[in-house]
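Enquirer: Fold the stuff below for me.
(one chain, ligands or ions: 1)
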Amino acid sequence: MRSYTLTAPAKINLYLEIIGDRPDGYHELAMILQSIDLADQIELHSISTDSIRIYCDHPQVPTDENNLAYQAAELMATQFPEAFSKHGGIEITINKHIPIAAGLAGGSTNAAAVLVGIDLLWNLGLTQSELEELGASLGSDVPFCVAGGTVIATGRGEQLSPLPNLDNIYIVLAKYRSLEVSTAWAYKTYRQQFGNSYIRNTEDLAARAAAVHSGGIVKAIFAKNTAEIAQKLHNDLERVVLPAYPQVLQLREVFATQEGVLGTMMSGSGPTVFALLESEQQAQAVKLKMREIIPDEDLELFVTRMTTHGIQIVSSV
Ligand code: C5P
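Expert: Model prediction:
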């Protein structure tokens, strides 16, 4: 096979708790991550020159080594030099549908697709956990993007524990096109403001991370109780992002008053805000209502739903 097309779904955070600091400078987290239907398409071709080339239809996506997908291809080339010299370089085409710098793991899911695609292209036969391990060196969300579904993520976000699949829950996403929040800024500001309440003892840190497994939202996920899941949404990063970005707070407030909205929350470090609904019809109605209440062309709205998978092959030639 010389070419693969893959679908790379975005994610939302149903739960994000910051527990403490890590010796590597990152934060110890307890999260619940959820794949959604909104996805990019990634095409991978072997090329005769030994270079990595990226093409993307979105002008703001870098096509050089600043793109995580480029870094993923470079990582595979260094990890598997024999396969790289045997099969040649890689051409990666990204068809962007996921908003960028949005808290939806758009870059991470593209990188995950490149890892999965190169494994296939070079017949490496890597296991899912080997792919996840490679992904962890690229970014905290990459291992989840390989696996997908509904997952508890602890540690930096790379230690994954699957939950029962959720797929029949509809989502409206709202994001101001021109608004971007730096993830590094959000975590740094959180540490400055709330670092004194971090858990410092290693055993207590582990106990707190383990507690998420028996927490209210996990119980609601096992019970497939959408209303209860929506009630238990949580994101510690809202404490720093909402005061700094009043537009994000406004989206959340407007969502909360719409008929059919069971719960609303910012995803990851934002600035995307999502609302959960029981049906597609309700989701479409809320999208229309949001557009009516906030007639700003900068506001992007999407209707999507939860999905049970991560990276999938669409076609191979
Ligand atoms: O791993 P990733 O590159 O996605 O992380 C982006 C930034 O978010 C990091 O540079 C770090 O500042 C912050 N972060 C953190 N703790 C985590 C994950 C991310 O502090 N567990």
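Enquirer: Run a quick neighbour tally on L68.
Expert: 21 (other Cβ atoms under 10 Å). Heads up, the C-betas are built off the backbone N, CA and C, glycines and all.
Enquirer: Next up, the contacts around it.
Expert: G107, S108, N110, A111, L138, G139, V142 (Cβ atoms under 8 Å, 6 or more residues apart in numbering).
Enquirer: Could I get the pLDDT score of the residue nearest to the third one when sequence neighbours are not counted?
Expert: Once its chain neighbours are removed from consideration, N110 has its nearest residue in A69; the separation is 4.3 Å (Cβ to Cβ, 6 or more residues apart in numbering). As summarised for this prediction, A69 has a pLDDT of 98.
Enquirer: Okay, buried residues for stretch 155-168 please.
Expert: G155, R156, G157, E158, L160, L163, N165, L166 (16 or more other Cβ atoms under 10 Å).
Enquirer: The last one in helix, strand or coil?
Expert: Using DSSP: H, G, I helix; E, B strand; the rest coil, the structure places L166 in coil.
Enquirer: Can you list phi and psi of it for me?
Expert: phi -120, psi 130 (degrees, to the nearest 10).
Enquirer: before we move on, back to that, and the residue nearest to N110, how far from the ligand?
Expert: 14 Å (Cβ to the nearest ligand atom, to the nearest Å).
Enquirer: Tell me the secondary structure at that residue.
Expert: Classification of A69 using three-state DSSP returns helix.
Enquirer: neighbours of it, just the number please.
Expert: Using other Cβ under 10 Å, A69 has 31 other residues around it.
Enquirer: cool, and V303?
Expert: 20.
Enquirer: mind checking pLDDT for it?
Expert: On the pLDDT scale, V303 gets 98.
Enquirer: Please, where are all the helices along the stretch 101-250 of the chain?
Expert: 106-121, 128-136, 142-147, 183-194, 202-211, 216-222, 226-231, 238-244, 246-256 (DSSP state H, counting those that start in this stretch).
Enquirer: Of these, which is nearest the ligand?
Expert: Nearest to the ligand among the helices of the stretch 101-250 of the chain is helix 183-194; the distance by Cβ to the nearest ligand atom comes to 3.6 Å.
Enquirer: touching the ligand at all, that closest one?
Expert: Yes. For helix 183-194, a contact with the ligand is found by Cβ under 6 Å from any ligand atom, at T183, A184, Y187.
Enquirer: My reading is that G20 lies in a strand. Confirm?
Expert: Yes. Judged by three-state DSSP, G20 forms part of a strand.
Enquirer: Can you tell me which residues in the stretch 151-300 of the chain are near the ligand?
Expert: R156, G157, T183, A184, Y187.
Enquirer: how close does V261 sit to K86?
Expert: According to Cβ to Cβ, to the nearest Å, V261 stands 53 Å off from K86.
Enquirer: Those two - which one has more neighbours?
Expert: The neighbour comparison of V261 against K86 (other Cβ under 10 Å) goes to V261, with 20 against 11.
Enquirer: hang on, the earlier thing: okay, the helices of the stretch 101-250 of the chain in a markdown table with mean pLDDT, mean neighbour count and distance to D21 next?
Expert: Formatted as a markdown table, the helices of the stretch 101-250 of the chain follow (pLDDT from 0 to 100; neighbours: other Cβ atoms under 10 Å; distance: least, Cβ to Cβ, whole Å):
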| stretch | mean pLDDT | mean neighbour count | distance to D21 |
| --- | --- | --- | --- |
| helix 106-121 | 98 | 27 | 22 |
| helix 128-136 | 97 | 19 | 18 |
| helix 142-147 | 97 | 27 | 21 |
| helix 183-194 | 98 | 15 | 7 |
| helix 202-211 | 94 | 14 | 9 |
| helix 216-222 | 98 | 18 | 24 |
| helix 226-231 | 98 | 18 | 29 |
| helix 238-244 | 98 | 18 | 16 |
| helix 246-256 | 98 | 18 | 26 |
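Enquirer: nearest to Q79, of the ones you listed?
Expert: For the helices of the stretch 101-250 of the chain, proximity to Q79 was assessed by Cβ to Cβ; helix 128-136 is nearest, at 6.8 Å.
Enquirer: quick one: the closest one near the ligand?
Expert: No. Helix 128-136 does not reach the ligand (Cβ under 6 Å from any ligand atom); its nearest approach is 8.7 Å.
Enquirer: With that, I have no additional questions.
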